[in-house]
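Trainee: When you get a sec, could you give me coordinates for this:
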Amino acid sequence: MKTVVATGVFDILHPGHVLFLEEAKKQGDRLVVIVARDRNAEKRKNHPIIPERQRLELVSALKPVDEAILGDHADFYKPIKDINPDIIALGRNQKFNENELQAELEKRSLKAKVIRIDAHMEGELSSSSRIIEKIKKSSEHASKS
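Mentor: The predicted structure follows:
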C-alpha cells in the first residue's frame, strides 16, 4: 500500500483544496493530510481565520482524505516520520523547495519522494486569500452604503 502525505493550512476550504487533495490521492492508495497548527501557519502565512480543530474536521470530511491529523507544534518532520509515507505531495502554491525538502528527508533517513501537484483552478475565488479579499471588499462596500 502506497501512502501519500499532503500538508497545508486549509483555511477557508475551496474547490482548489479539493482538487489538490484529489490529485494527491491519485499518487497512491492512502492519503494522510497534515493540517498546519495555528501557530505554525502564522509563521508562514497570515493568521488563519478558521481555528485548527475546525480546519482538521473539515479536511477529515473530504472524500479523498483517508486520515487527517494536526501537525506537530515544534517539529515539522515528526508527523512525517510517524507516518513514514512513500510520497509527499506539495501544492502548486506551497512555498517549499522540493530539492531542499528531499535532502532534509534523506538526512533524517526518510525515504519519501517529494512531488509537486501542478493542478490548479483558475477563477476569482480560487484561493483562501482571494476569498478573504472579496469578503473585505464586500464589507467595506456595505459599510459605505
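Trainee: Pull the number of nearby residues for residue 64.
Mentor: Neighbourhood size, residue 64 [other CB atoms under 10 Å]: 18. In this view, the C-beta of every residue, glycine as well, is placed from N, C-alpha and C.
Trainee: Phi first, then psi, for it.
Mentor: Main-chain dihedrals, residue 64, degrees, to the nearest 10: phi -70, psi -10.
Trainee: Now it: closest residue in space, sequence neighbours ignored.
Mentor: residue 25 (4.0 Å; CB to CB, 6 or more residues apart in numbering).
Trainee: any idea how far that neighbour lies from residue 6?
Mentor: Distance, residue 25 to residue 6, by CB to CB, to the nearest Å: 8 Å.
Trainee: isn't the residue nearest to residue 64 right next to residue 31, touching?
Mentor: Yes: counting by CB atoms under 8 Å, residue 25 touches residue 31, with 4.3 Å between them.
Trainee: neighbour-wise, which of those two wins?
Mentor: Applying other CB under 10 Å to residue 25 and residue 31 shows that residue 31 carries more neighbours, namely 24 against 20.
Trainee: mind showing which ranges of this protein have poor pLDDT?
Mentor: Low-confidence segments of the chain (pLDDT under 70): 44-45, 125-126, 145.
Trainee: The closest residue to residue 102 other than its chain neighbours: what secondary structure?
Mentor: For residue 102, ignoring the flanking residues on the chain, the nearest one in space by CB to CB, 6+ apart is residue 114 at 4.7 Å. The three-state assignment at residue 114 reads strand, by DSSP: H, G, I helix; E, B strand; the rest coil.
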